[in-house]
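Q: Provided below for reference: sequence and predicted model.
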Amino acid sequence: MERAVAVGLPERVASVEEILWHRDDYGMITLPDEVDGHRVRVGCDVVAIQDVQDSLAAFGDRYLRKVFTASEINDCRGSNRVHRLAARFAAKEAVIKAFAEPDMPFPWREIEVTRDGPLPLLRLSGTLAEQAQHQGWASSSLSLSHADCHAMAVVLVVCGGNAGAGAR
Amino acid sequence: MQDRIREVLAAHGRMAVDPREVDDRADLYDLGLTSHASVDVMLELEEVFDIEFPDEVLKKATFASVHNIAQVVEGLVKLSA
């Protein structure tokens, strides 16, 4: 079997990379999931604007109160309300994916999108804040976007060196 | 109970197949159920069965199959009785 070579990698890697990267019998490289005890987590999601519009039409305030905090509902008032709500829902799902704990409960209102001027910020509360602490979440960055038909979110989390055991 | 759950899924699940005809253990996410649609399904189940989903059951696995939904709803109905 031909030896697989990762595109863009030098033929002879530096010694520190040889320590961190592990080649299998076929020469394939498994990149480390953490460096110096620091780990990056990422999550993304996309939501159809029409789905949020339909939920609002069908369930109104019940839908809002189940999913969004009072602050989020207030932030989304005015023009593009549905698009903003959709982006926030995408952010909540992106955060859930970043946790990578499929069996863990995820109350949507424990994930809140706030704003610092034009920048969206992530706030966690309750059990999710505790779980983030357990996983060693040290900082996060959130990006939201929307078009006419869909909204999306990407969250990137850097975990510190004190992540709890089993918090992968 | 499963029949009523399947009707709710048909009305709000936005799935690629008719949920009235799927196996009760079939993975609903594989069949097109999205996270957002699961919110609608949950809200409608609350109305139909006069229950409220507490935070601890708000997990992906709860809505992963008709069987799973039925188990959770059955437990919540008993609690509210």
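A: Yep, it's here. Numbers count the residues shown, from 1 in each chain, chains lettered A, B, ... in the order given.
Q: Work out the gap between the helix or strand containing residue A:158 and the centre of the chain.
A: Residue A:158 is part of strand A:150-159, with elements assigned from DSSP states H and E. In this view, strand A:150-159 has its centroid 4 Å away from the chain centroid, taken as Cα atoms, centre = their mean, to the nearest Å.
Q: just stretch B:67-81 next, same as before
A: How far stretch B:67-81 lies from its chain's middle: 10 Å, per Cα atoms, centre = their mean.
Q: ok, back up a step: any residues touching the strand holding residue A:158, and which ones?
A: For strand A:150-159, the surrounding residues in contact (Cβ atoms under 8 Å, 6 or more residues apart in numbering or on different chains) are A:34, A:38-49, A:52, A:83, A:86-91, A:93-95, A:98, A:122, A:132, A:135-146, A:167. Every residue, glycine included, has its C-beta placed from N, CA and C.
Q: can you check stretch B:19-38 too?
A: Stretch B:19-38 is contacted from outside by A:45, A:47-48, A:51-52, A:55, A:89, A:93, A:96, B:2-3, B:6-7, B:9-10, B:12-17, B:41, B:60, B:63-67, B:70, using Cβ under 8 Å, 6+ apart.
Q: domain ranges for chain A?
A: As assigned by automatic domain parsing, chain A contains the domains A:1-32, A:39-159.
Q: Kindly reformat these as TSV and extend each row with distance to residue B:21 and mean neighbour count.
A: Output for those, formatted as TSV (distance: least, Cβ to Cβ, whole Å; neighbours: other Cβ atoms under 10 Å in any protein chain shown):
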stretch	distance to residue B:21	mean neighbour count
domain A:1-32	42	10
domain A:39-159	23	18
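Q: Serialize those domains to a markdown table and add fields for distance to residue B:51.
A: Below are these laid out as a markdown table (distance: least, Cβ to Cβ, whole Å):
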| stretch | distance to residue B:51 |
| --- | --- |
| domain A:1-32 | 46 |
| domain A:39-159 | 13 |
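Q: Can you tell me which of those domains has the worst average pLDDT?
A: Among those, domain A:1-32 has the lowest mean pLDDT, at a mean of 61.
Q: Let me see the ranges of the helices in the chain.
A: I went with chain A, as the question did not name one. Counting by DSSP state H, chain A has helices at residues A:15-20, A:49-67, A:70-75, A:81-99, A:126-134.
Q: Correction: the question concerned chain B.
A: Ranges of helices in chain B, per DSSP H, are B:2-12, B:35-49, B:66-80.
Q: who's in contact with the residue in chain B that chain A sits nearest to?
A: Distance from chain A to each residue of chain B (Cβ to the nearest Cβ) is smallest for residue B:55, at 4.1 Å. Contacts for residue B:55 (Cβ under 8 Å, 6+ apart) come out as A:105, A:107, A:110, A:126-127.
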